[in-house]
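In: Any chance you can model this:
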Amino acid sequence: MEKVAAKAMSIQEQYVAALARAEGVMVMGKGTRKSDGAVVYGVNSASEANRVYIVAVLPGRLECACRARGYCKHRAATHKRMLDERAAATIAQHPTARQLVTATPRTDDDRASAMLARSNAAFSLFKQ
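Out: From the prediction side, this is the model:
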């Protein structure tokens, strides 16, 4: 019965579990495979010294060369690296995103001087 429950894990749950197991695993490099032009990442092995697994980015999935049957920690580390790269590229391309990330918290003085911020002061929408 427990095996059935383990197989019913969603991809997100498998990713979180694999990421939790990925201590000591890190992406060592990035390149392109000559045979098909796929982007590949080299991820070190936690159990074997001087061993690097190749994780290929294919349409809709990541493919790892390790022996794991499920969502392995190498794919999880690569997925996290890809998300980090995408977030960094988004922040670099969009100045407003950079401002949101690096914004300083507002002070009470900023709120008090904001136009129409909970104010009963008279105003008009018509140009006078």
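
In: switch to C-alpha atoms for all contacts and neighbour counts from now on
Out: Noted.

In: who does the host helix or strand of His79 touch, helix- and strand-wise?
Out: Following DSSP states H and E, the helix or strand that holds His79 is helix 73-93. Contact here means 3 or more C-alpha pairs under 8 Å, 6 or more residues apart in numbering; DSSP states H and E; on that basis helix 73-93 packs against helix 11-21, strand 27-32, strand 39-44, strand 52-58, strand 61-64, helix 95-102.

In: so which of these gets nearest Glu85?
Out: strand 27-32 (11.7 Å; C-alpha to C-alpha).

In: Would you format the helices and strands packed on helix 73-93 as JSON lines with distance to His79 and mean neighbour count included?
Out: Below are the helices and strands packed on helix 73-93 laid out as JSON lines (distance: least, C-alpha to C-alpha, whole Å; neighbours: other C-alpha atoms under 10 Å):
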{"stretch": "helix 11-21", "distance to His79": "9", "mean neighbour count": "16"}
{"stretch": "strand 27-32", "distance to His79": "10", "mean neighbour count": "14"}
{"stretch": "strand 39-44", "distance to His79": "10", "mean neighbour count": "21"}
{"stretch": "strand 52-58", "distance to His79": "9", "mean neighbour count": "20"}
{"stretch": "strand 61-64", "distance to His79": "8", "mean neighbour count": "16"}
{"stretch": "helix 95-102", "distance to His79": "22", "mean neighbour count": "12"}
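
In: weakest of these in terms of mean pLDDT?
Out: Mean pLDDT is lowest for helix 95-102 out of the helices and strands packed on helix 73-93, coming in at a mean of 62.

In: neighbours of Ser45, just the number please.
Out: Neighbour count of Ser45, defined by other C-alpha atoms under 10 Å: 19.
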